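Asker: All I have is the shape, not the residue letters:
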């Protein structure tokens, strides 16, 4: 993994940078566990609805992956910086994602603005199939707030 580590003061220089994460997939086991712990399987107990493609991955499962996938590309120095999920401005589930489908995740840092002692960072995130295709399956504008650590070294 070629993860980059940044310091708090590096944040403004990230605007316009694009980051990509290597190939990943969502397995049937991962899908089933997610649906069980989030009670999706209770909300929709029918084994197969004709309206949904076979082997589809729940959209909120896909959304829940952006934090973990993002840290594969870069993170802020955990000894000096901590962050919070600040929210989402826009989320789109454009095309279904299926179990076992080879996927890639990437994002562009589109805005960094000062907020208190830290920075509010906007990332334009996307997940798309690895196969040569122009389709994006998922898109979200994700906001994170990063602040200087108050612990040892911060």
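Answerer: Everything's here; your move. These numbers were taken from a predicted model, which means no experiment stands behind them.

Asker: So what's the residue count around residue 124?
Answerer: If you count neighbours by other C-beta atoms under 10 Å, residue 124 ends up with 16. (C-beta placed from N, C-alpha, C; glycine too.)

Asker: just checking, it touches residue 138?
Answerer: No - contact status for residue 124 versus residue 138: not in contact, 11.8 Å apart, counting by C-beta atoms under 8 Å.

Asker: how much space between residue 40 and residue 60?
Answerer: To residue 60, residue 40 is 8 Å away according to C-beta to C-beta, to the nearest Å.

Asker: So which residues of this protein form helices?
Answerer: 28-37, 40-43, 59-64, 66-73 (DSSP state H).

Asker: Mind telling me which of those helices the model trusts least?
Answerer: Least confident of the helices of the chain, judged by mean pLDDT, is helix 40-43 with a mean of 76.

Asker: Give me the distance between that helix and the centre of its chain.
Answerer: Its chain's C-alpha centre and that of helix 40-43 lie 23 Å apart, by C-alpha atoms, centre = their mean, to the nearest Å.

Asker: Which pLDDT value belongs to the closest residue to residue 57 other than its chain neighbours?
Answerer: Using C-beta to C-beta, 6 or more residues apart in numbering and skipping the chain neighbours, the partner closest in space to residue 57 is residue 97 (4.6 Å). In the predicted model, residue 97 carries a pLDDT score of 92.

Asker: Ok, residue 154 next?
Answerer: At residue 154 the predicted local confidence, pLDDT, stands at 47.

Asker: OK, contacts around the residue nearest to residue 11 when sequence neighbours are not counted?
Answerer: Of all residues beyond its chain neighbours, the one nearest residue 11 is residue 119 (4.3 Å), with distances taken as C-beta to C-beta, 6+ apart. Remark: with contacts taken as C-beta atoms under 8 Å, 6 or more residues apart in numbering, residue 119 is in contact with 8, 11-12, 112-113, 145-146.
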